[in-house]
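Visitor: Pasting a predicted model and its sequence here:
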Amino acid sequence: MPYGFADIETPVPLVDLDRLAVNLDRMAAYAAMHQLALRPHVKTHKSSRIAAEQMRLGAVGLTVATPRELQVMSEVTDDIFLAHPPLGAKVRRVLTFSGDVQLRISVDSHVAIEQLGTACRQRDQTVDVLVEVDFGMKRMGVSDSGDAIRLAGAIRRQPGLRYRGICFYPGHIRQPVTQQEGLIEALCGDLHNVLAALDDAGLPAEIVSGGSTPAAFRMHLIPGLTEIRPGTYVFNDRDTYAMGACAWEDCALTVLATVISDAVPDQVVIDAGVKALGREPIRVQEGGGYGAVLDHPEVTVARMSEEHGILDLSDSVWRPKVGDQVRIVPNHACIVTHLFDAMLGVRGDIVETWWHVGARGRHSPELAPAPLSI
């Protein structure tokens, strides 16, 4: 039965169902219009319920980063991309959870290729593999076309592995949307060079997978791209808004908190700190702080401890009272999701539904280690 916010113990994440629906529809329509396969990253919502809606709206599959996400999302779709190279014990765990899933994995090293190939042969499994290429993020991926060719060739020579193409993450494109043109052009040139080199080597990329939320709606400008993998777009957040990649009213995720103290002038304390909002900073020129009040965006979470958040009221005439509830738009939605077991779906001031954040954490309960004998 629907109920109001007064019955909710805070802090708790709220998802505006109408805003969520708009965000999901917009990205699905964009991908369809430009004939780009949509393979959203589940790291933002970690929810099989939202993932199922993404699939219903036309996603070709899902992108995950952890074995736990793979395990949960394999109940939603049989087409999953693990965009994080597994090594060591993680390789076996990933293959165990893949089951009937057509699994695709990214790699950027010969070590990952060898370990994955060995594990696949031992289990008589086959997985698709993409070479990760770096076009400016400086995090993962080879930056030289010669290295991409060598890795692609090594994949092709490994029984149990099937070379399918390349992937990249343009996470370095975080400038305001109106200032991204030069970086997009540079990415196009670099991608063209790598694809041409692979073609010349007899290793054409059937799949070219890339994309992120900040530059999501400019991916059609990249020749050769076959699929996009945005994640944050489902909820958006204060960081996405600061880059101009969404409007403030597109922020679907907030953290409901309660004002617990107004003892210090020009500030109030809420019951949402680091363990509810995460400690993701935002640049001072974009407002600073660790979140902002939904209805009063000039008010930021200026400081935090584990269970306390300090709202700076010095630039606002708004003065909430002890006991009032406030909704905080976090800087980074993905971190907030990972901190809670459940989310509440709301319309206006009414809670209509709730769902588990099933893919949070690293290990499923059945894999918990046995207690040590002392």
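Guide: Great, that's in hand. Residues are numbered from 1 along each chain as shown.

Visitor: Can you read off the pLDDT for E286?
Guide: For E286, the pLDDT comes out at 78.

Visitor: Touching, it and D237? I think so.
Guide: No: contact criterion Cβ atoms under 8 Å: E286 and D237 do not qualify, at 12.0 Å. Any C-beta I mention is one placed from the backbone N, CA and C, and that applies to glycine too.

Visitor: Looking at those two, which one has more neighbours?
Guide: Per other Cβ atoms under 10 Å, whichever of E286 and D237 has more neighbours is D237, with 27 against 14.

Visitor: List phi and psi for that one.
Guide: Dihedral pair for D237: phi -160, psi -170, per degrees, to the nearest 10.

Visitor: D349 now?
Guide: D349 adopts backbone torsions of phi -100, psi 20, taken as degrees, to the nearest 10.

Visitor: Can you tell me how far it is from A6?
Guide: Remark: distance between D349 and A6 (Cβ to Cβ, to the nearest Å) = 9 Å.

Visitor: can I get the CA coordinates of stretch 200-213 in PDB?
Guide: Provided in PDB are the C-alpha atoms of stretch 200-213 (Å, rounded to 0.1, in the frame of the first residue of the first chain):
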ATOM      1  CA  ASP A 200      45.200  -4.300 -42.400                       C
ATOM      2  CA  ALA A 201      46.400  -7.100 -40.100                       C
ATOM      3  CA  GLY A 202      43.400  -9.300 -41.000                       C
ATOM      4  CA  LEU A 203      41.800  -8.700 -37.600                       C
ATOM      5  CA  PRO A 204      38.800  -6.500 -38.300                       C
ATOM      6  CA  ALA A 205      36.700  -5.500 -35.300                       C
ATOM      7  CA  GLU A 206      33.200  -6.800 -35.700                       C
ATOM      8  CA  ILE A 207      32.200  -5.000 -32.400                       C
ATOM      9  CA  VAL A 208      33.300  -1.500 -31.500                       C
ATOM     10  CA  SER A 209      31.900  -0.800 -28.000                       C
ATOM     11  CA  GLY A 210      32.200   2.500 -26.300                       C
ATOM     12  CA  GLY A 211      30.400   5.300 -24.500                       C
ATOM     13  CA  SER A 212      29.700   7.000 -21.200                       C
ATOM     14  CA  THR A 213      26.900   9.200 -19.900                       C
END
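
Visitor: Could you shift the numbering so residue one becomes 472, and keep it that way?
Guide: Sure thing, new numbering starts at 472, so read that last one as stretch 671-684.

Visitor: So for it, what gets flagged as buried?
Guide: Buried residues in stretch 671-684, counted by 16 or more other Cβ atoms under 10 Å: 674, 676, 678-684.

Visitor: Need the residues that contact it.
Guide: 510, 552, 575, 601, 620, 623-624, 627, 634-642, 644, 662, 666, 669, 690, 693, 695-704, 707, 711, 716 (Cβ atoms under 8 Å, 6 or more residues apart in numbering).

Visitor: Quick one: distance of that stretch to the chain centre.
Guide: Between the centre of stretch 671-684 and the centre of its chain there are 21 Å (Cα atoms, centre = their mean, to the nearest Å).

Visitor: Repeat that for stretch 792-805.
Guide: 21 Å.

Visitor: so how far does that stretch reach from one end to the other?
Guide: 30 Å (Cα to Cα, to the nearest Å).

Visitor: again, but for stretch 780-787
Guide: Stretch 780-787 end-to-end distance (Cα to Cα) = 17 Å.
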